[in-house]
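Trainee: Sequence and predicted structure are below.
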Amino acid sequence: MVSKRNLTRRKFLTHSAVAGGALTLAGANVNLAAAPGGGTIGVGLVGCGKRGVAAAKNCVQSARGVKVVALADAFADAMSGARTALGVDQGKCFAGLDAYKKLLALDEVNLVILATPPVFRPVHFAAAVAKGKHVFLEAPVAICTAGVEMVIAASKAAAADKLAVVAGTQRRHDPAYVETMKRIHDGAIGEIVNAQCYCNLGGADPVKRRPGQSDVEWQIRNWPFFRWLSGDLIIARHAHNIDVINWAFNAIPEAVQGLSGRQYISGPEYGDVYDHFGTEITYANDVQTISTCRQIKGADVLVGERVFGTKGTSNCAGIIEGEKPWKYRGGPTNAYVQEHADMIASIRAGKPLNEGEQAAVSVRAAIMARVAGYSRRRFQRSWFDSKCKMNWLPDEALKLSGTRPVGSAISPASYKLPGLSGGGGKRRR
Amino acid sequence: MAKPNSNTRTTKKAAAVSTLALAAATATRAYAQASGTLRVGLLGCGGRGNGAVRQHLSADRDTVVVAVADLFKNKAASTRDRLTKQFKGRVDIPNDRVFSGYDCHLKLAKCDADILLMATPPAFRGRQMLAAIKAGKNIFTEKPVATDPAGCRQVIEASEIAKKKGLAIVCGTQRRHEFNRVELMKRIHDGQMGELVGGQCYWYGRGIWYRGASQGMTEMDWQCNNWYHFTWLSGDQICEQHIHNIDIMNWCFQGPPVKIMAVGGRGCRDYSRQAKEVCKLFNKGSDKGWAKYNGNIWDHIFAEFEYANGARAISFSGHGPGSGRNGEKVVGTKGTSNCRDRIAGEKSWQYKGKRVNGQQQEHNDLIKSIRAGKPLNEGRRIAESTLTAIGARIAAYTGRNITWDWLMNQSKLDLVPPEERMKPGPGFFRPIPTGADPLV
């Protein structure tokens, strides 16, 4: 994890008040908000779905002097609600697959929130950094190894340019989690010897296809059910929980083996994703952990994490039991707001947070688990990192009017691991 | 009370021993069993049944196989012939003790034997054990012992009756009889690894046989012969095979889990070619509706067991492509163990004693316990391990988190057709309840 200060909202308000009005003129390539104490932060929202709009609202709520000034979405109709809710000029709302470029070209946009379907994230992120914007990336930050590499490279560029990069893994900003993790890392539960994380959900309803919609348009609107857009269930939903376990270990997995599939969802409206993943994730010192996620109608819901140490256990979120029991006493915090507060405080303090690489490395663990599920093979991270390359980045020629038949779910019987002979890359998605 | 051996149906030696026992006027069953010939019946003449009877005959010099039973007459007869040839003087099975048909277990229970070896498909074990125990037989049973909670309860009932009658029940979870594991478990239970907080058990391998149908078979005959592929008959792979590893986990934690969560599915089991042939045979040459002959067991289940102290263990099972895995590991606060012969940690330990073949040793232990008048009774334990596997299967099929209390005391799941429905004729095909169905 990238080291960062967890500024409280109160501290940051004081800070920003003191620095208020210290605006200096800056060159065209310098992000105004990057200057310590900076003035109003103009936010551009790319991806105006439910999560995007909520993130923009959270961002505005999180600090004074933050205003949403521009929107971009693949679809004009998706923006109308957001435009009203966030009070954005019609002229600053851009539609289409390249709308993000128009938004990034605006000088008044200092910070962008990237909340489109995950497949686009690395490309949008790299473009935003190139344009000198601070970036809030919704999770997951990538769905393939090429995307992970791209995010890492752009994060390094952002660091060099003093741009903030915060990833929407909101638990990393939740004081209950942060305080618990500090203690776990200080040895409050001894050495971690077992852990679990879950994102077991009930059924989710697909977006119905309307007459006249092209394959690509409908699939983007119905993105969670398509591998090429969401990276599959384990990436789209469960990467958060795996990230928490990585955080607890302060490490990423050494090996994976999984049993996964598509059992109860069927039909083109449910795309080509799996409905369950069960993965054994092994950390250093041969410590095995459980990861499960599912999305099946009628199934029991279970979302959360747990770690077992040699001296105690913890839910990672405010409770430690064992030799040194401890409970988080702070009030409830809206981590979805806190992550923006932390980001903006860091920008105004001139010490921009940069979580890009950490988020990318963490999601790579989930990608590894996905590949383990597809292949039913057990493999080491060292092998995966050196051999297993896959590029699921969006096709540059992608058009909203495009044709794209719904593929079938991956069968482990015919799946070839990328990196093994016969497997690989774009063909396999 | 043992029936005195009838001269017409035993070897001279056995008869002599029996006479001696009677002459001593202490013809209690325990005494007869302690010193006399033990008469053995085999129920289920497949590969495992044949293996079990060989191991059983090697366990004690004074045992004689007196009856065989199988659903299929040819299997029972060929087993009789093979055993007679291979174990001269140890086999005495006249034609009238070669039983076959759907009620062969009832005929076998009536015959004059001290021990029955049970190796039919798991679905029928509960009712077969009850019949055998009520008829006063000691039992060696293959695992698992049921395919549903109702069957597990029958086995527990049989086990209670056995206790009262002083009859032995030993089960073919052979790992429990390996000296190295017995010694290891003593240490784990003594706290040599601290408190247990986690574990893993695996059985993921390649596929299994698929048996086609032949002329003269009814659909039910075929289904019972191709039993592995149907949940009601085999309990699914997690129950049929992975139970060995699950039983080890339960052994480590000294009881079954209190809660089970699981995901799973059937992704790669494809027997379409054979299933279509079977379909044609039973449907006037048409392969329409062949899918049900493909079987309904899944090919992977990933489960989490929560034990009484809150520890969580992985159960990882299935068949198909990818990396095979078989074994167990348990994790404590002060060390880990491979569940076989080693502890690594603060108090490391390595087993250095004698190694035995568990599949042989379980028969040695069974007969020894009978002869010593201290019959082993593993009935409840194997019912609990079977039920653990069944619980994980139900959790995976339905997406519900299952508690032990519900599983043991409330579940009404009863997959096996009643005895009177078991006869030549149409097969028995049951849809699998999903998360959308009420939990039964």
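Mentor: Cool, the structure landed.

Trainee: and residue 87, what are its phi and psi?
Mentor: Unless you meant another one, I'm taking chain A. Phi and psi for A:Gly87, reported as degrees, to the nearest 10, are phi 70, psi 60.

Trainee: my question was about chain B
Mentor: phi -120, psi 70.

Trainee: what do you get for A:Asn200?
Mentor: Here A:Asn200 shows phi and psi, under degrees, to the nearest 10, equal to phi -90, psi 110.

Trainee: gap between it and A:Ile113?
Mentor: 28 Å (C-beta to C-beta, to the nearest Å). The way it works is simple: take the backbone N, C-alpha and C, and place the C-beta from them, glycine included.

Trainee: Show me which residues of the stretch 201-350 of chain B sit near chain A.
Mentor: Contacts of the stretch 201-350 of chain B with chain A, taken as C-beta under 8 Å from any C-beta of the partner chain, map to B:204, B:261-268, B:270, B:298, B:300-304, B:310-312, B:314, B:316, B:318, B:320-323, B:325, B:329, B:331, B:333-334, B:336.

Trainee: In strands only, show me those.
Mentor: B:204, B:261-265, B:300-304, B:312, B:314, B:316, B:318, B:325, B:329, B:331, B:336 (DSSP state E).

Trainee: State which helix of the chain is the longest.
Mentor: Since no chain was named, I'll use chain A. Counting by DSSP state H, the longest helix found in chain A is helix A:356-375.

Trainee: Oops, wrong one, chain B.
Mentor: Identified as the longest helix of chain B according to DSSP H is helix B:379-398.

Trainee: ranges for the strands of the stretch 1-150 of chain A?
Mentor: Secondary structure of the stretch 1-150 of chain A (DSSP state E, counting those that start in this stretch): strands located at A:41-46, A:66-73, A:93-95, A:111-114, A:134-137.

Trainee: again with the stretch 251-400 of chain A
Mentor: A:255-261, A:276-283, A:287-295, A:302-309, A:312-314, A:319-322, A:326-327, A:379-380.

Trainee: got it, and the stretch 51-200 of chain B?
Mentor: Going by DSSP E, counting those that start in this stretch, the stretch 51-200 of chain B shows strands at B:63-70, B:98-100, B:115-118, B:138-141, B:169-171, B:196-205.

Trainee: Quick one: mean pLDDT over the longest one.
Mentor: The one in question is strand B:196-205. Here strand B:196-205 scores 98 as its mean pLDDT.

Trainee: now swap in stretch B:385-395 and tell me
Mentor: 98.

Trainee: Is any residue of that stretch near chain A?
Mentor: No - judged by C-beta under 8 Å from any C-beta, stretch B:385-395 and chain A are separated, with a smallest distance of 8.8 Å.

Trainee: So what's the gap between that stretch and the chain middle?
Mentor: Taking C-alpha atoms, centre = their mean, to the nearest Å, the mean C-alpha location of stretch B:385-395 is offset from the chain mean by 14 Å.

Trainee: still on that earlier bit, got the angle for the longest helix of chain B vs strand A:276-283?
Mentor: 120 degrees (axes from the mean of the first three to the mean of the last three C-alpha atoms, to 10 degrees).

Trainee: Partner strands of the following helix or strand past helix B:379-398, with direction?
Mentor: Sequence-wise, the next helix or strand downstream of helix B:379-398 (DSSP states H and E) is strand B:402-403. Strand B:402-403 has the following sheet partners, assigned by DSSP bridges: strand B:259-265 (antiparallel).

Trainee: got a list of contacts for the strand it pairs with?
Mentor: Residues from elsewhere that reach strand B:259-265 (C-beta atoms under 8 Å, 6 or more residues apart in numbering or on different chains): A:198, A:200, A:259-264, A:275-278, A:292, A:294, A:300, A:302, B:298-306, B:315, B:318, B:388, B:391-393, B:395-397, B:399, B:401-404, B:407.

Trainee: possible to save the strands of the stretch 251-400 of chain A as CSV with mean pLDDT, mean neighbour count and distance to chain B?
Mentor: Below are the strands of the stretch 251-400 of chain A laid out as CSV (pLDDT from 0 to 100; neighbours: other C-beta atoms under 10 Å in any protein chain shown; distance: least, C-beta to the nearest C-beta, whole Å):
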stretch, mean pLDDT, mean neighbour count, distance to chain B
strand A:255-261, 98, 28, 4
strand A:276-283, 98, 26, 3
strand A:287-295, 98, 27, 5
strand A:302-309, 98, 21, 4
strand A:312-314, 98, 22, 7
strand A:319-322, 98, 18, 9
strand A:326-327, 98, 14, 17
strand A:379-380, 96, 17, 8
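
Trainee: Go through the ones you listed and name the closest to B:Phe179.
Mentor: strand A:287-295 (27.4 Å; C-beta to C-beta).

Trainee: Output that closest one as CSV, restricted to C-alpha atoms.
Mentor: Presented in CSV, the C-alpha positions along strand A:287-295 are these (Å, rounded to 0.1, in the frame of the first residue of the first chain):
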residue,chain,number,x,y,z
VAL,A,287,-1.0,-19.7,4.0
GLN,A,288,-4.2,-20.7,2.3
THR,A,289,-7.2,-18.5,2.2
ILE,A,290,-10.8,-18.7,0.9
SER,A,291,-12.3,-16.4,-1.7
THR,A,292,-15.9,-16.9,-3.0
CYS,A,293,-18.2,-14.8,-5.0
ARG,A,294,-21.5,-15.6,-6.7
GLN,A,295,-24.5,-14.0,-8.2
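
Trainee: what inclination does it have with respect to strand B:259-265?
Mentor: 70 degrees.

Trainee: so how far is strand A:287-295 off the chain centroid?
Mentor: Worked out by C-alpha atoms, centre = their mean, strand A:287-295 lies 19 Å from the chain centre.

Trainee: What is the burial count for B:Lys85?
Mentor: 9 (other C-beta atoms under 10 Å in any protein chain shown).

Trainee: from what I can see B:Arg127 touches B:Gln154, true?
Mentor: Yes - at 6.3 Å, B:Arg127 counts as touching B:Gln154 under the criterion of C-beta atoms under 8 Å.

Trainee: quick one: least confident helix or strand in chain B?
Mentor: Confidence across the helices and strands of chain B bottoms out at helix B:12-23, with a mean of 38, counting by mean pLDDT, DSSP states H and E.

Trainee: So for the residue in the stretch 1-150 of chain B that chain A sits nearest to, what's the nearest residue that isn't a sequence neighbour?
Mentor: As assessed by C-beta to the nearest C-beta, chain A sits closest to B:Pro149 within the stretch 1-150 of chain B, at 18.9 Å. Nearest residue to B:Pro149 in three dimensions, chain neighbours excluded: B:Ser411, at 4.2 Å (C-beta to C-beta, 6 or more residues apart in numbering or on different chains).

Trainee: That neighbour and B:Gly310: what is the separation?
Mentor: 23 Å.

Trainee: of the two, who's got more company?
Mentor: Neighbour count, other C-beta under 10 Å: between B:Ser411 and B:Gly310, B:Ser411 has more, with 21 against 14.

Trainee: how close does that one get to B:Ser234?
Mentor: 19 Å.

Trainee: check contacts around residue 73.
Mentor: Picked chain A for this. A:46-49, A:52, A:79, A:82, A:94-95, A:99, A:116.

Trainee: The intended chain is chain B.
Mentor: So B:Lys73 contacts B:98, B:100-101 (C-beta under 8 Å, 6+ apart).

Trainee: which intervals of chain B have sub-threshold pLDDT?
Mentor: When residues are selected by pLDDT under 70, those of chain B lie in B:1-34.

Trainee: Spatially central, which residue of it would that be?
Mentor: B:Lys143 (1.6 Å; C-alpha atoms, centre = their mean).

Trainee: which strands and helices sit next to the longest helix of chain B?
Mentor: For helix B:379-398, the packing partners by 3 or more C-beta pairs under 8 Å, 6 or more residues apart in numbering or on different chains; DSSP states H and E come out as helix B:149-165, strand B:169-171, helix B:237-240, helix B:243-253, strand B:259-265, strand B:300-306, strand B:402-403.
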